[in-house]
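Student: test case, fold it:
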Amino acid sequence: RTDHHWEPLGAYYAAKAFCDIAQTPVKELSTYKTETIDGFVGTMYAFTDYNERIKNDPDTFTYYIPSTEYTATYYTTDFKVDEQFAQFHSIFVDQPASGAYSTFMGGDQKIVKIETANKNGRKLCIFKDSYGNALVPYLTQSFSDIYVIDMRYFDLNAVSFMQQVGATDVLFAMNTFSATGGNSECLETIRTQ
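Tutor: Okay, the predicted model is just below:
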């Protein structure tokens with residue numbers, strides 16, 4: 001209600017629909033640990049020039065942590081370890097209520113590689129904008145490795161990158177503006193670089 005992104009619950013259903021098509025299992029939501037952040041006013045608070053009615057009627061941001069063990073590594077736009085994030089190995093980063101959506105990977109990171117305890121040999125590349133961030137936790141139980149790539153901050157050829165990492169699956173997870181609006185230029189750039 002106070003943010004333009006998916007609720008984490010909606011992202012779960014989107015991840016489940018993708019995994020059904022990809023023919024890889026997704027655990028039931030009841031197997032996840034539930035966390036909440038009270039006082040979330042999201043992007044709508046800023047979009048409305050900090051409207052007091054939104055501030056005085058915040059959401060509770062509820063998100064879900066998978067039981068699958070994993071390690072996350074953060075990279076720069078050219079796929080070199082990002083020393084600024086070398087201490088982070090989680091896809092969850094504590095945030096204040098005002099930035100609760102950035103709980104997922106601390107916001108829009110360039111490239112994040114997630115190595116999971118699931119050893120089915122499936123490697124997923126997600127090309128996304130901020131909407132794709134909320135999908136990531138649900139996919140840790142379905143793939144061995146996940147590469148989360150923000151198409152807006154990627155300096156490599158997407159096809160070559162997927163070949164380099166041995167991707168078996170690909171998912172484009174973005175809002176309509178990114179797919180067809182101004183950000184769509186990023187899709188063309190990563191295809192032709």
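Student: bridged to Ile37, which residues?
Tutor: Phe61 (DSSP bridges).
Student: thought it was touching Thr103?
Tutor: Yes: between Ile37 and Thr103 there is a contact at 7.2 Å, judged by CB atoms under 8 Å. C-betas here are computed from N, CA, C, even on glycine.
Student: which neighbours do these two share?
Tutor: Residues touching both Ile37 and Thr103 (CB atoms under 8 Å, 6 or more residues apart in numbering) are 61, 63, 95.
Student: just give me the neighbour total for the first one.
Tutor: The one in question is Phe61. 23 (other CB atoms under 10 Å).
Student: strands along the chain, start to end?
Tutor: For the chain, the strands defined by DSSP state E occupy 33-40, 59-65, 70-75, 111-116, 123-128, 145-150, 169-173.
Student: show me where pLDDT drops low in this protein?
Tutor: Applying pLDDT under 70 to the chain flags residues 179-184, 186-193.
Student: can you tell me the closest non-neighbouring residue to the spatially most central residue of it?
Tutor: Geometric centre of the chain, nearest residue: Asn133, 1.7 Å, by CA atoms, centre = their mean. Leaving aside its sequence neighbours, Asn133 sits nearest to Phe104 (CB to CB, 6 or more residues apart in numbering; 3.8 Å).
Student: next one: Gln84
Tutor: In space, Gln84 is closest to Tyr74, 7.9 Å off (CB to CB, 6+ apart).
Student: coming back round to it: distance check, the residue nearest to the centre of the chain against Glu52.
Tutor: Shown here: Asn133 relative to Glu52, a distance of 28 Å by CB to CB, to the nearest Å.
Student: next one: Leu9
Tutor: For Leu9, the distance to Glu52 - CB to CB - is 27 Å.
Student: could you dump the strands of the chain into CSV and include distance to Gln163?
Tutor: Converted to CSV, these look like this (distance: least, CB to CB, whole Å):
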stretch, distance to Gln163
strand 33-40, 36
strand 59-65, 32
strand 70-75, 17
strand 111-116, 15
strand 123-128, 10
strand 145-150, 12
strand 169-173, 12
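Student: out of those, which is closest to Thr2?
Tutor: Minimum separation from Thr2 across the strands of the chain (CB to CB) falls at strand 59-65, 4.9 Å.
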